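Peer 1: Quick one, fold the following:
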Amino acid sequence: MHANGGNVAHKLLLLTRENDKYRQLLAQQSLFDLEIVEDITDHIGDRPDNSISDNIHQADIWLAEPHLAAAMLPHATKLKWIQSTFAGVDALMKPSLPHDYLLTNIRGVFGPLMSEYVFGYLLSNYRQHAQYTQQQHLQLWQPGQYRTLQGLQLLILGTGSIAQHLARTAHHFGMIVSGLNRQGALVNDFDRIDTIDKLADYIPVADVIVSVLPNTPHTTHVLNAANLCLLKPDAMLFNIGRGNAIDLAALQTELTLCPQRRAIVDVFEQEPLPANHPLWHCDNVTITPHIAAPSFPQQVVQIFTENYCLWQQSKPLQYIVDANQGY
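Peer 2: From the prediction side, this is the model:
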């Protein structure tokens, strides 16, 4: 790896909020013919054209957070490949932005994290953790109504790597898992697979619903008033994919009608969720700030390193994003 200057085959631009961390991790890799450059990300979207860094003009590879890269894309002159540090690349999919480069994202590392998130809340609810904590404060010894995950119907919207890991975890708890995708393509680890347009057939029998859908025109408000009203009275709904999948107004209506229902929502169409949004005050909603599965720099650098080695050998990269589909 060339740390600075010299004749190098490639220049790697860092566009993240953790540039120092990424530089340190990359320095530990054996990446030949690569010069690491970076850009100050503060106020990156507010600069006049004449203040754009030469690094942005000259770098042919970017390791970048999508929203930071999107602000700089119109000024890229030699860009050939962006390795996103996130799974979601919505910010780069806008039709007004150029798409004449290869885009790869992060996959294969979020399944365990998403499972921790989902089953942490799921087990806490079914094993009545809050109730027993409250009883402890009252020195009250009173067994509750025992509930188990065994035999429950889990419906997962999306059947990619995250969904597959969730399905495998669910099977360890004895759950029955259905998965919905666009074509109804068969996927391992599911008991049933169907097309997403059959959603209304599956919601009424699902005890737990988890959306891991990407943000595309086809997924916007998939969970809407027409099908959220079909939820079981005590269903639990998770959204850990993208915020556009749920119509929040319809969700609030259904949660108000049936206080036994619960929603755990980590992603929203507008983030942060506005402070005046009524969902903040729903007792049967848990709101988390898009933290279900963060991208850890160590994992990102491992994926980038593997892809860079493939790039040097002119081999197909891992986790290429289809700009037409958005994922």
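
Peer 1: use CA for all of it now, contacts and neighbours both
Peer 2: Fine.

Peer 1: In the stretch 1-150 of the chain, mark out all the helices, start to finish.
Peer 2: 19-27, 54-58, 66-72, 111-126, 129-137 (DSSP state H, counting those that start in this stretch).

Peer 1: Go through those helices and name the closest to S211.
Peer 2: The closest of the helices of the stretch 1-150 of the chain to S211 is helix 111-126. By CA to CA, the value is 10.7 Å.

Peer 1: Check which helices and strands that closest one sits against.
Peer 2: Using 3 or more CA pairs under 8 Å, 6 or more residues apart in numbering; DSSP states H and E, the elements in contact with helix 111-126 are helix 161-172.

Peer 1: after the helix it packs on comes which helix or strand?
Peer 2: Using DSSP states H and E, the helix or strand that follows helix 161-172 towards the C-terminus is strand 176-181.

Peer 1: care to break the chain down by domain?
Peer 2: Under the assignment automatic domain parsing, the domains of the chain span 10-108+295-312, 111-287.

Peer 1: picking that back up, now the helices of the stretch 1-150 of the chain in JSON lines, with mean neighbour count, distance to K11 and mean pLDDT?
Peer 2: Below are the helices of the stretch 1-150 of the chain laid out as JSON lines (neighbours: other CA atoms under 10 Å; distance: least, CA to CA, whole Å; pLDDT from 0 to 100):
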{"stretch": "helix 19-27", "mean neighbour count": "15", "distance to K11": "13", "mean pLDDT": "95"}
{"stretch": "helix 54-58", "mean neighbour count": "18", "distance to K11": "7", "mean pLDDT": "88"}
{"stretch": "helix 66-72", "mean neighbour count": "20", "distance to K11": "15", "mean pLDDT": "95"}
{"stretch": "helix 111-126", "mean neighbour count": "17", "distance to K11": "32", "mean pLDDT": "97"}
{"stretch": "helix 129-137", "mean neighbour count": "12", "distance to K11": "52", "mean pLDDT": "97"}
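
Peer 1: Save those helices as JSON lines, and put in distance to P274 too.
Peer 2: Output for the helices of the stretch 1-150 of the chain, formatted as JSON lines (distance: least, CA to CA, whole Å):
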{"stretch": "helix 19-27", "distance to P274": "29"}
{"stretch": "helix 54-58", "distance to P274": "33"}
{"stretch": "helix 66-72", "distance to P274": "20"}
{"stretch": "helix 111-126", "distance to P274": "23"}
{"stretch": "helix 129-137", "distance to P274": "27"}
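
Peer 1: List just the one of those helices that sits closest to L251.
Peer 2: L251 lies closest, by CA to CA, to one member of those: helix 111-126, at 18.6 Å.
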